[in-house]
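Asks: Sequence unavailable; structure follows:
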């Protein structure tokens, strides 16, 4: 299947924004959808261009980005496959919407954060940055060999999150840093979710990245 075919057959939301604001690739969590996660972009940067595709895996009637073997245990082969598919979709979207070489920041919650992180780790050329709400290390058992120099990553996690335990987040932060990423980490009280302090931290991080050109 070509980039064009993949793009045309993939449900998504697109909203054009300012040419100097970021392109935000919004990735929903398990049970969410593209419309829901696109609304979060308005809180992060109302001038951003928004691209929000739908996860194509269904588990228990809920949309997801990749399969899991059990709660907290990912099917890493499927993570790798779905990440590659997302890169193909993104290339098709660039061509269709005339995004050119504009940098893309992936913003994901939970399962969406995990596919965003996997895509940055496996295909750093496709993703300029990641904002990960309640994410964790998505590539257990795999070596990270990519060069993430210049890639910015913001990790936002709850201290008592059973779905994204801090032990996995620590592994994630170390793997990202070792690969050359610029990692900023915020750990708050509480568990799984997107809180107002998380949103404020993401707003600040995006603003500090400055005007986007490409």
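Replies: Perfect, I can see it now. The model shown is predicted, which means the values in this text are computed figures rather than measured ones.

Asks: Hmm, residue 153 is touching residue 180, no?
Replies: No - here residue 153 does not reach residue 180: they are 10.7 Å apart, not a contact under Cβ atoms under 8 Å. In short, each C-beta sits where N, CA and C put it, glycine included.

Asks: So which of those two has more stuff around it?
Replies: Between residue 153 and residue 180, counting by other Cβ atoms under 10 Å, residue 153 is the more crowded of the two (28 against 14).

Asks: From residue 206, how far off is that one?
Replies: Going from residue 153 to residue 206 by Cβ to Cβ, to the nearest Å gives 13 Å.

Asks: mind listing what's buried in stretch 69-87?
Replies: Using 16 or more other Cβ atoms under 10 Å as the test for burial, stretch 69-87 gives 74, 76, 78-79, 82-83, 85-87.

Asks: Same check on stretch 17-33?
Replies: 17, 21-30, 32-33.

Asks: Likewise for stretch 40-54?
Replies: 40-41, 44-45, 48-54.

Asks: now for those residues, which pair is the farthest apart?
Replies: 45 and 54 (21.6 Å; Cβ to Cβ).

Asks: could you give me the average pLDDT of stretch 204-214?
Replies: Mean per-residue pLDDT for stretch 204-214: 76.

Asks: for stretch 143-162, same thing?
Replies: pLDDT averaged over stretch 143-162 gives 95.

Asks: And stretch 16-26, by the same measure?
Replies: 94.

Asks: most centrally placed residue in this protein?
Replies: residue 116 (2.8 Å; Cα atoms, centre = their mean).

Asks: residues of whichever strand or helix holds that one that come out buried?
Replies: Per DSSP states H and E, residue 116 falls inside helix 111-122. By 16+ other Cβ under 10 Å, the buried positions in helix 111-122 come out as 111-122.

Asks: how about CSV for those residues, with pLDDT added?
Replies: Shown next, in CSV, are these (pLDDT from 0 to 100):
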residue, pLDDT
111, 98
112, 98
113, 98
114, 98
115, 98
116, 98
117, 98
118, 98
119, 98
120, 97
121, 97
122, 97
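
Asks: quick one: the helix of greatest length in the chain to chain centroid distance?
Replies: Determined from DSSP state H, the single longest helix within the chain is helix 76-97. Taking Cα atoms, centre = their mean, to the nearest Å, the mean C-alpha location of helix 76-97 is offset from the chain mean by 12 Å.
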